[in-house]
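Visitor: What shape does this take:
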Amino acid sequence: MGETLEQARTRLRQRLGSGARFDSAAAPATELLTMRLARAACLRQLSHIGDDDLELIGLARLVAELGCTARLIAEAFEALSGHDGIEGDEAERGDSLVAEIVLAQTLPGRALRSLYLHALQHLDVACRDMDGSGWSARLTLPGLVAATPAEALGRMSALLQAGATAFQFYADHGQPALAFPSQSQIFGVPS
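Guide: Take a look at the predicted model:
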């Protein structure tokens, strides 16, 4: 008789030790998988674009939007789970996501890439740290309309998928896409 999926998970957790992070059983598996696949697709396309090109206004805004939105969602998830966030990340955040994006898009290309990478990793860690009560809670995001963490992940996935398409367009055509569905369109707030 073979072991059940839960037994296999328990054995894996024991083998990896107490420092390993796992998604809660209450986590929305489909939304997490979709977000992680969209993140991978977006990163794959972003990797084809040089740091100097990321300073073009269209690309800079896109990378800033992806990074700032992911960071905002990660911090909201941490608030639900009672975690303090990443040690050393004590930056004061304003109430306006749009203002943060405008400021972030002025960063050099390498810094924009780092913002994107750090924020998406931060979001993944925040997802793994959230327990069942966090996944069922109502989510509060300043300036964004999202009822649940699963819904916020779905919207982040849509933003990442749009980002992957825009980065691919730039890599293929050498110019930023003329239209990109921004967080304002996906999340339902004015830009």
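Visitor: mind checking which helix or strand of this structure has the lowest mean pLDDT?
Guide: helix 183-187 (a mean of 55; mean pLDDT, DSSP states H and E).
Visitor: So what's the gap between the one helix or strand residue 156 maps to and the chain middle?
Guide: Secondary structure from DSSP states H and E places residue 156 in helix 149-173. Distance, stretch centre to chain centre, for helix 149-173: 10 Å (C-alpha atoms, centre = their mean, to the nearest Å).
Visitor: what's it packed up against?
Guide: helix 29-46, helix 57-81, helix 132-136, helix 183-187 (3 or more C-beta pairs under 8 Å, 6 or more residues apart in numbering; DSSP states H and E). Bear in mind the C-beta positions are built from the backbone N, C-alpha and C, glycine included.
Visitor: Could you tell me the end-to-end distance of stretch 10-28?
Guide: Terminal residues of stretch 10-28 lie 19 Å apart, using C-alpha to C-alpha, to the nearest Å.
Visitor: likewise stretch 41-55?
Guide: OK, stretch 41-55 end separation, C-alpha to C-alpha: 21 Å.
Visitor: tell me the mean pLDDT for the helix holding residue 156?
Guide: Across helix 149-173, the average pLDDT comes to 89.
Visitor: Dump the helices and strands packed on helix 149-173 into JSON lines; add mean neighbour count and distance to residue 152 as well.
Guide: Formatted as JSON lines, the helices and strands packed on helix 149-173 follow (neighbours: other C-beta atoms under 10 Å; distance: least, C-beta to C-beta, whole Å):
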{"stretch": "helix 29-46", "mean neighbour count": "18", "distance to residue 152": "9"}
{"stretch": "helix 57-81", "mean neighbour count": "23", "distance to residue 152": "5"}
{"stretch": "helix 132-136", "mean neighbour count": "16", "distance to residue 152": "11"}
{"stretch": "helix 183-187", "mean neighbour count": "19", "distance to residue 152": "9"}
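Visitor: Could you dump those helices into a markdown table with distance to residue 173 added?
Guide: Converted to a markdown table, the helices and strands packed on helix 149-173 look like this (distance: least, C-beta to C-beta, whole Å):
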| stretch | distance to residue 173 |
| --- | --- |
| helix 29-46 | 13 |
| helix 57-81 | 12 |
| helix 132-136 | 40 |
| helix 183-187 | 22 |
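Visitor: I'm done for today, thanks for sticking with me.
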